[in-house]
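[1] Take this sequence and fold it.
(one chain, ligands or ions: 1)
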Amino acid sequence: MESEIVSKSSSIDGLSRVDGRLKVTGAAKYSAEYTVKGVTYGVLVGSTVTKGSIKTLDTKSAEHAPGVLAVITYLNCPNVPGYHLENAPPKGPLKIFIDDKIYFNGQPIALVIADTFERALFAASLVKAEYNKEQHQTELKSNIVNGVAPKNSKDYVRGQEDAYKSAPIKIEQAYILPTEVHNPMELHAIIARWDADDKITVWDKTQGVKSTQRNIAQAFKLPPENVQVNSPFVGGAFGAALRTWPHEIAAVIGAKVIKRPVKLVLSRADMFTSVGYRPHTWQKIGLGATADGKLVGITHEAAGQTSAYEDFTEGVVNISQLLYACPNVNTKYKLVSLNVNTPTPMRGPGEATGAYALESALDELSYALNIDPIELRLRNYADTDPLSGKPYSSKYLNDAYKLGADHIGWSERNQKPRSVTEKGWLAGYGVGSGMFGAYRGAATVTARLMADGTLILQTAVTDIGPGTGTAMVSIASEQMGISADKIRFDMGDSSLPPSPTQGGSAITSTVGAAVYDACTELKNKFKELNGGTDGTDNTDYAQVLKQHNLQQLEVTTASKGGAEQGKYAMYSWSVHFIKVLVNPATGVIKIDKAVSVADCGKIMSPKTARSQIIGGTIMGSGMALMEEAVIDHRYGRLVNNNFADYHMPVNADIPQVEGLFVNKPDPYLNPMGAKGMGEIATIGVAAAVANAVYNATGKRIRELPITPDKLI
Ligand code: MOS
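    Numbers count the residues shown, from 1 in each chain. You can find the predicted model right below:
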């Protein structure tokens, strides 16, 4: 079935990944792969208790182990100036090696540095700690009663509170999402090298070289320009590399202590406790409707877990305020502080969790009403933003419903559950929608037309996988009339003109617009030079530059969104269709077919866009059927922090995915008409799967993942 994907993508127009050859041949270098002279190796030692403090630390035998250069703990760690800011809030990011406090199991208590990785790993096993253990709390369910509304988060009420309760038809259900861990293929890694007392270079896995530069500069009180951050290739991230984490600071400290470069690569087990996760979340949805399917009221309450030292909030309940036209909506959001590490945004942060609950509940309502789930969505279609009352900049979700329904074969579906079988398997169809804000921020791009007619574009953005370079080259190629193979896009380097962190599905819009604007300015500059005549292609550009004896023509353009952003409600939309087959005897669930349709404006790079949508669908399927980080609450410790026990979809689990686009431009967000697609690719998928399982089996599983044992 893999061939399905291959054959389809080869028929798609547009540029192949500009860095595809580098990536598949191994020539693309990731952070841990750089060769740095005199490099040493750091390994972190994690706490084996879940709450309390360190009573004694014995590092002697580790220090005397072969090749060991330093063992850094809170007892000997040099001062990190940025850790002692005045007026620092009581809660905040974990500061590494500052005291004996233990907030979660696996919290780093020591960094061992040695001349080889193996020696560091061995010495790390020799670090012995005794603890003053305190009673920990790691279970969400029994602690929901202790949840509190986070600061700056207000309960939302539109119209009448809990209006669903008095509606003619109503449903009220709770939905539970376990902790999900990003687990990108590339492990988080940093190489830190001090070039002088106040100057450092890092090769770091990050979604934002400029934010990492800022964070390291702040922590070590350095001028930002003295911190050089390189991250030209990132092997997946999904939000896990949005922040600067303690292991990055630890490597910088370590390099300072031993006066040599330190490479620190997290182990796969470390990845489960060091770089965030999508938090375990409980949600309750109340929906009320008239008998003809008009929503009367939506109530959405949620409680998500956070750490004991930091509040992590996300917009879990926002989607219920936004997705449907409904006069009465109220939402509440609480945080439950547990002895775990802090969560972090994970693809579709908040919305993916919220959409699972809302879109499952809407499906339940469709059965209560006996109305087709797509028809029910159309009857409650929002033509203006229900939250702000503003018109949408663009919304073609209804087109997406039609397109997806055709492609999945929705007409084969029967509204009566457990009524269709295929070769002895129960067949079912499900639908789920997603939405996410469409953003455009500020970015600066240098565009340099060279004497040979080639074009170089430069900005500090990173690419965590969606194919940013490819999209940027496509945009520039169209603007300049220069073929893509004559354009180079330089990125992932903090010394380049500023770009935002890659996240929030905003990069094609933000950096793409800056590329567009820089090309426009460059074209104008060329036209001026060329007596008022536009350039046509690279040969033409080269000739004119030669005539004027110019080595290059260069502009640096700062670009940001305009006033339109305040006038319109700007969102990207998606709808996911899933067909499942469920074995009635074993409960095994096979995704037979998935169709995801995105309304994300005009498509800048068809091949990478399609790949992005397919990836999001696969991730959402994992959320529905497999992913779950399990804590043994007796010890507060994860039991499946490895790829043998933490399941996620592989090729055989996802046979056939179609990624489709409405492909109509948004007139206001940016000059290209593009909107974001990274998050909406995942938002709504889990509900579509759960809804398909219900349609197939008549069993509504309200706690993810939907594993076979829950169906038999
Ligand atoms: Mo993301 S969760 O926008 O990296």
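[2] Dump stretch 611-622 to CSV, keeping only the CA atoms.
    What follows is stretch 611-622, C-alpha atoms only, in CSV (Å, rounded to 0.1, in the frame of the first residue of the first chain):
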residue,chain,number,x,y,z
SER,A,611,3.1,15.0,2.8
GLN,A,612,2.3,17.4,5.8
ILE,A,613,-1.4,16.5,5.7
ILE,A,614,-0.6,12.8,5.5
GLY,A,615,1.8,13.0,8.4
GLY,A,616,-0.8,14.8,10.5
THR,A,617,-3.4,12.1,9.7
ILE,A,618,-1.0,9.4,10.8
MET,A,619,-0.2,11.3,14.0
GLY,A,620,-3.9,11.7,14.8
SER,A,621,-4.5,8.0,14.1
GLY,A,622,-1.8,7.2,16.6
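[3] Determine how far that stretch lies from the middle of the whole chain.
    12 Å (Cα atoms, centre = their mean, to the nearest Å).
[4] do stretch 31-51 as well
    Going by Cα atoms, centre = their mean, the spacing between the C-alpha centre of stretch 31-51 and its chain's C-alpha centre is 24 Å.
[5] so where is this structure shaky, pLDDT-wise?
    Applying pLDDT under 70 to the chain flags residues 1-12.
[6] Contacts only, for the nearest residue to R379 once chain neighbours are set aside.
    For R379, ignoring the flanking residues on the chain, the nearest one in space by Cβ to Cβ, 6 or more residues apart in numbering is G293 at 4.6 Å. (C-beta placed from N, C-alpha, C; glycine too.) Neighbour list for G293: L369, I371, E375, L376, R379, N380 [criterion: Cβ atoms under 8 Å, 6 or more residues apart in numbering].
[7] What is the burial count for the closest residue to the ligand within the stretch 351-500 of the chain?
    Residue of the stretch 351-500 of the chain nearest the ligand, by Cβ to the nearest ligand atom: I464 (6.8 Å). If you count neighbours by other Cβ atoms under 10 Å, I464 ends up with 27.
[8] For S495, see how far away it is.
    Distance from I464 to S495, counting by Cβ to Cβ, to the nearest Å: 20 Å.
[9] SS state for the residue of the chain found nearest the ligand?
    Relative to the ligand, the nearest point of the chain is G239 (2.9 Å; Cβ to the nearest ligand atom). Secondary structure assignment for G239 (DSSP: H, G, I helix; E, B strand; the rest coil): coil.
[10] Hmm, I298 is touching Y324, no?
    Yes. Counting by Cβ atoms under 8 Å, I298 does reach Y324; the two are 7.2 Å apart.
[11] These two - which one has more neighbours?
    I298 (32 against 21).
[12] where's that one, which helix or strand?
    strand 295-306 (DSSP states H and E).
[13] Those residues of the stretch 401-550 of the chain touching the ligand, which are they?
    G503, G504 (Cβ under 6 Å from any ligand atom).
[14] in the stretch 401-550 of the chain, which spans are helices?
    468-480, 507-529, 538-547 (DSSP state H, counting those that start in this stretch).
[15] outside of the last one, which residues touch it?
    The list of residues contacting helix 538-547 from outside it, by Cβ under 8 Å, 6+ apart, reads 449-455, 480-483, 486, 526, 529-530, 535, 551-553.
[16] for the ligand, what are the nearby residues on this structure?
    Selection of the chain residues close to the ligand by Cβ under 6 Å from any ligand atom yields Q207, F238, G239, L242, P345, M346, R347, P349, G503, G504.
[17] Nearest to Y635 among those?
    Nearest to Y635 out of those is M346 (Cβ to Cβ; 24.8 Å).
[18] pretty sure T138 contacts N339?
    Yes. T138 is within contact range of N339, at 5.5 Å (criterion: Cβ under 8 Å).
[19] how close does N663 get to I613?
    Using Cβ to Cβ, N663 is found at 12 Å from I613.
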